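> predicted structure and sequence below. I'll ask about it afterward.
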Amino acid sequence: MDAQTFTVRALSGDAILPWLDAVAELRMTVFREWPYLYAGDVGYEGDYLSPYGRSARSVLVLAMAGDAVIGASTGLPLADEDPAFQRPFIDLDVAIERVFHFGESIVLPQWRGQGIGHRFFDLRQAHARALAGFDMTAFAAVDRAEQDPRRPPNHRDNEVFWRKRGYVRQPGITMLLRWNEIDVGDVPHPMTFWTRPVEAGP
């Protein structure tokens, strides 16, 4: 697929509001895949995305093919996030005002491998630096057992990509996040945070 057929742009604050429904639809599509196995729920999406709509310092990075949203990535100050994401840092006496939290980074399967994921991280990291006052960026990823029989054959996870971006997995910073899992139901899922200093390069 021609890499020139998509564009990537960053929006912030109120400018993201008209796009939240499209982000919700994309999340419900992409997160059905391993490892999240998310059975999409419009009500859940509204609750999950609402902090991004309220925060004046949030960022939404969109990948577009014409008028279609083919990828999306979000971020906001951890202090503006849901308390469930704040608690692991508060418990470790980390000042949440100094942490910029990254939400999802999702791309439709047919558009992967063209550098969109790198652009998502570049633009969110640049946003956090431009705001100033943040020591680190952080995101949480679901933990799945290597032997889970639902793991697709030859699945490639994102850990190598994240490490190349300068992120370090923090086994001591964990949380439980509930969502409706396919064939399982509404259950809590273990998540582990990855972090990187804001002052690190692009």
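Structure received. Computed from a prediction, not measured in an experiment: that's the story for all the values here.

> contacts for the longest helix seen in the chain next, please.
Of all segments of type helix in the chain, defined using DSSP state H, the longest is helix 116-131. Applying Cβ atoms under 8 Å, 6 or more residues apart in numbering, the contact partners of helix 116-131 are 6, 8, 10, 12, 57, 59, 61, 63, 70-71, 73-75, 77, 100, 102, 105, 107, 134, 137, 161, 165, 196, 198-199, 202. All C-beta spots, glycine's among them, are computed from the backbone N, C-alpha and C.

> which of the residues you listed are buried? Put it as a ChimeraX command.
The following ChimeraX line selects those of the contacts of helix 116-131 that are buried, judged by 16 or more other Cβ atoms under 10 Å:
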select :6,8,10,12,57,59,61,63,70,71,73,74,75,77,100,102,105,107,134,137,165,196,198
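
> got the buried residues for the longest helix of the chain?
Of the residues in helix 116-131, 116-117, 119-125, 127-128 count as buried by neighbour count, 16+ other Cβ under 10 Å.

> what's the closest of those residues to Ala95?
Set against Ala95, the nearest of the buried residues of helix 116-131 by Cβ to Cβ is Ala128 (14.9 Å).

> extract the CA atoms of the helix or strand bottoming out on mean pLDDT in the chain and return them as PDB.
Taking mean pLDDT, DSSP states H and E as the measure, the chain has helix 42-54 as its least confident helix or strand, at a mean of 95. In PDB, the C-alpha atoms belonging to helix 42-54 read as follows (Å, rounded to 0.1, in the frame of the first residue of the first chain):
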ATOM      1  CA  VAL A  42     -20.300   1.900  23.500                       C
ATOM      2  CA  GLY A  43     -21.000   2.800  27.200                       C
ATOM      3  CA  TYR A  44     -17.600   1.700  28.300                       C
ATOM      4  CA  GLU A  45     -16.000   3.700  25.500                       C
ATOM      5  CA  GLY A  46     -17.800   6.800  26.600                       C
ATOM      6  CA  ASP A  47     -16.500   6.500  30.100                       C
ATOM      7  CA  TYR A  48     -13.000   5.600  29.100                       C
ATOM      8  CA  LEU A  49     -12.600   8.400  26.600                       C
ATOM      9  CA  SER A  50     -14.300  11.100  28.700                       C
ATOM     10  CA  PRO A  51     -11.200  12.300  30.500                       C
ATOM     11  CA  TYR A  52      -9.600  13.100  27.100                       C
ATOM     12  CA  GLY A  53     -12.600  15.300  26.200                       C
ATOM     13  CA  ARG A  54     -12.400  17.100  29.500                       C
END
